[in-house]
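>>> Structure, please.
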Amino acid sequence: MPDKNDFDAQLVEDLTVRATYHNKLGLFYHEKGNYNKALKNFEAALWIADRLGDLNGKVAYLNNIGGIHKLLGKNIDALNQFQEIIKIAKKLGDLTMEATYLNRVGLILHEEGTRLKESEQFKESLKQFKEAMNCYKTSLQIAEQLGDQNKKIISINNIAGIYNEQGNYPKAMKNYEDALELLAELGLLNTPEAKKIRKNIETLKKILFSKGKVDEKYLAF
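Presented below is the predicted three-dimensional model:
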């Protein structure tokens, strides 16, 4: 007669299969553009992974849920999912995952900062930009610790974007140039990313030539 451990093992296996099924169904609905059904299935998979204590499964399902929210313009909901992944990454000691999602969180905060700036909510805008910058700088520190050049480029480029957004053009220029230098070291100067950075540098050169100064309130960053 099977013992309790056999039943427990079978239950875990059954639930894992069910979570995978819900995730695949969610991906199917996502591809078809039925985001509500996709979300329901990803959330069902997440519920199972949470009960099983399956941290890697939770990361996958949280990522999918966050992606849906981002696609639907629900930035704060997406932010919550990605921040939860950062917590899991820390539990797992997975620095690569942590750096990746720090950048994703930073991008959402950056986007929110731009939106608030455009609606003239300048105080809140600065707060979002500062939080985004903290995410990018922490991600950069991790990338340097890991020796991950690709993640360094992503983080430095994102940092440049914040400085550019805030009108701190010399610091934006310096970071764009640093990112371009790293791309050159990797032999990636002909990539779309390198071309975009070169375009940003050329635009900043024109701005700096015409302005000749930096908005001092952003120098504290």
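
>>> all helices of the protein, in order?
For the chain, the helices defined by DSSP state H cover 4-32, 35-52, 55-71, 75-92, 95-118, 122-146, 149-166, 169-185, 192-211.

>>> which residues does the closest residue to Q83 other than its chain neighbours contact?
Leaving aside its chain neighbours, Q83 sits nearest to V105 (6.0 Å; criterion: CB to CB, 6 or more residues apart in numbering). Yep, even glycine has a C-beta here, placed from its N, CA and C like the rest. Residues near V105 by CB atoms under 8 Å, 6 or more residues apart in numbering: 79, 82-83, 86, 132, 135.

>>> Next one: V105, what pLDDT does it get?
If you check V105, the pLDDT there is 98.

>>> start the count at 24, not 1, going forward
That works, and once the first residue is 24, the last one we named lands at V128.

>>> contacting residues for L38?
71, 74-75.

>>> repeat that with 7 Å
71, 75 (CB atoms under 7 Å, 6 or more residues apart in numbering).

>>> for K113, same thing?
Applying CB under 7 Å, 6+ apart, the residues near K113 are E121.

>>> residue nearest the centroid of the chain?
R127 (0.9 Å; CA atoms, centre = their mean).

>>> rewinding a little: which two from the contacts of V128 end up farthest apart in space?
I109 and A155 (14.0 Å; CB to CB).
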